[in-house]
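S.K.: With the input below, show me the fold.
(one chain, ligands or ions: 1)
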Amino acid sequence: MPSSITRNLITGGAGFLGSHLCDRLMEDGEEVICLDNYFTGRKANILKWIGHPNFEIIRHDVTDPIKLEVDRIWHLACPASPVHYQFNPVKTAKTSFLGTYNMLGLARRVGARLLLASTSEVYGDPEVHPQPESYLGCVNPIGIRSCYDEGKRIAESLCFDYQRMHGLEVRIIRIFNTYGPRMLPDDGRVVSNFIVQALKGEPLTLYGDGIQSRSFCFVDDLIEGMIRLMNGSYSGPINIGNPEEFTIRQLGEKVRLLVNPSLPWINLPLPDDDPRQRQPDISLATRELGWSPSVTLDQGLLPTISWFRDLLGRNLA
Ligand SMILES: NC(=O)c1ccc[n+]([C@@H]2O[C@H](COP(=O)([O-])OP(=O)(O)OC[C@H]3O[C@@H](n4cnc5c(N)ncnc54)[C@H](O)[C@@H]3O)[C@@H](O)[C@H]2O)c1
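M.R.: Coordinates of the predicted model:
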């Protein structure tokens with residue numbers, strides 16, 4: 001018998017953001033199908049829902065089509081950190097293109113609304129600062145990040161072509177750097193790098209001069225923005241991120257202060273194509289979704305550090 005509860009498919013549901021989204025929708029009493037190939041996702045992230053009648057797990061790769069009956073598709077499946085998406089760049093591009101194509105096909109077949117997790121990386125190394133959604137980007141199509149940046153750009157264009165051609169309901173969120181519990185300790189992202197190094201008592205690695213800037217959004221704020229976008233009528237693309245800007249050195253200083261102020265730095269050269277500055281313009285999100293972040297970097301670092309402390313403690317045990 002058809003149920004009146006919303007049936008959600010979350011691709012990449014065992015990953016960092018996907019598992020927090022699973023938590024939120026499950027806590028709201030909805031049905032969740034968590035689909036993942038476990039490339040960077042972990043069953044531990046969704047362990048607490050296994051056995052719950054509203055929760056199902058499917059091991060599947062989004063580059064292959066799948067048939068399911070769902071109302072909403074939250075399409076997050078794609079490795080997100082450079083170490084993971086550069087591990088097999090051709091696979092990353094396939095995941096973005098074919099994965100999005102397959103999920104759009106599924107959405108069309110069952111009349112589901114689809115939200116694509118896109119990225120601030122579609123702006124490349126921006127000449128405009130901060131970046132509004134109307135900025136078309138400055139992406140190197142042949143660089144080592146292009147499998148990801150260009151992959152997300154074609155994924156966005158596929159979504160809008162499905163909307164124009166088939167009237168599909170799509171939502172596109174452009175996610176800026178997000179951090180929080182359940183990031184992988186070895187994912188090479190700056191927040192997890194600094195925290196893991198500090199907890200292990202190692203020097204903090206600074207790439208370049210450390211004055212390149214980033215904005216850091218706490219995961220709970222991000223998930224709230226994602227849910228508002230899915231529930232609302234605005235298709236996007238829409239930036240979700242925390243506009244407060246910090247240099248990488250300032251972030252490292254905060255982590256040192258919270259974990260171990262006596263740790264030294266080591267300097268390494270900046271990787272190729274690393275953007276100098278990235279900061280969201282969130283005026284559209286504020287206007288269309290009534291959304292703005294509420295967790296400061298100091299507040300968000302505390303639960304993140306304590307989660308990594310537990311994880312490293314368990315691994316060492
Ligand atoms: N975390 C961020 O700061 C950030 C920033 C911008 C965009 N995003 C986007 O948000 C989404 C989730 O990112 P995350 O930070 O949770 O990363 P993550 O690596 O933790 O999660 C990605 C999930 O997708 C799964 N996956 C990868 N390839 C797959 C495939 N072919 N088939 C099925 N599952 C697959 C992984 O196993 C993992 O569980 C990604 O699409 C990413 O591009 C994240």
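S.K.: rest of the way, CA atoms for contacts and neighbours
M.R.: OK.
S.K.: you'd agree residue 263 is up against residue 199?
M.R.: No. Counting by C-alpha atoms under 8 Å, residue 263 sits too far from residue 199 to count as a contact (10.1 Å).
S.K.: Between these two, tell me which one has more neighbours.
M.R.: Remark: of residue 263 and residue 199, residue 199 carries more neighbours, 18 against 15, as counted by other C-alpha atoms under 10 Å.
S.K.: measure the more buried one to residue 52 for me?
M.R.: 35 Å (C-alpha to C-alpha, to the nearest Å).
S.K.: One more: residue 123?
M.R.: Residue 123 sits 40 Å away from residue 52, going by C-alpha to C-alpha.
S.K.: List, one by one, the residues from the stretch 101-250 of the chain near the ligand.
M.R.: Contacts of the stretch 101-250 of the chain with the ligand, taken as C-alpha under 6 Å from any ligand atom, map to 117, 118, 119, 175, 176, 177, 178.
S.K.: Now do the strands in the stretch 151-300 of the chain.
M.R.: 170-175, 178-179, 204-207, 213-215, 217-218, 238-240, 245-247, 265-268 (DSSP state E, counting those that start in this stretch).
S.K.: In TSV: those strands, plus mean pLDDT and mean neighbour count.
M.R.: Listed next are the strands of the stretch 151-300 of the chain as TSV, based on pLDDT from 0 to 100; neighbours: other C-alpha atoms under 10 Å:
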stretch	mean pLDDT	mean neighbour count
strand 170-175	98	24
strand 178-179	97	22
strand 204-207	92	19
strand 213-215	88	21
strand 217-218	98	24
strand 238-240	98	29
strand 245-247	92	18
strand 265-268	91	12
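S.K.: Minimum distance to residue 297: which of the ones you listed has it?
M.R.: strand 217-218 (7.4 Å; C-alpha to C-alpha).
S.K.: for this protein, what are the low-confidence residue spans?
M.R.: 1-3, 272-276, 315-317 (pLDDT under 70).
S.K.: Which residue is the nearest non-sequential neighbour of residue 159?
M.R.: residue 170 (6.4 Å; C-alpha to C-alpha, 6 or more residues apart in numbering).
S.K.: repeat for residue 39
M.R.: residue 79 (7.6 Å).
S.K.: Kindly report the same for residue 43.
M.R.: Nearest one to residue 43, counting by C-alpha to C-alpha, 6+ apart, is residue 14 at 6.1 Å.
S.K.: if I read this right, residue 15 contacts residue 37, doesn't it?
M.R.: No. Residue 15 is not in contact with residue 37 according to C-alpha under 8 Å; the separation is 9.9 Å.
S.K.: neighbour-wise, which of the two wins?
M.R.: Taking neighbours as other C-alpha under 10 Å, residue 15 and residue 37 compare with residue 15 leading, 31 against 19.
S.K.: Dihedrals phi and psi, that one?
M.R.: Backbone torsions for residue 15, taken as degrees, to the nearest 10, come to phi -80, psi -170.
S.K.: what's near enough to touch it?
M.R.: 38, 40, 41, 42, 45, 182 (C-alpha atoms under 8 Å, 6 or more residues apart in numbering).
S.K.: Sweet, I'm off.
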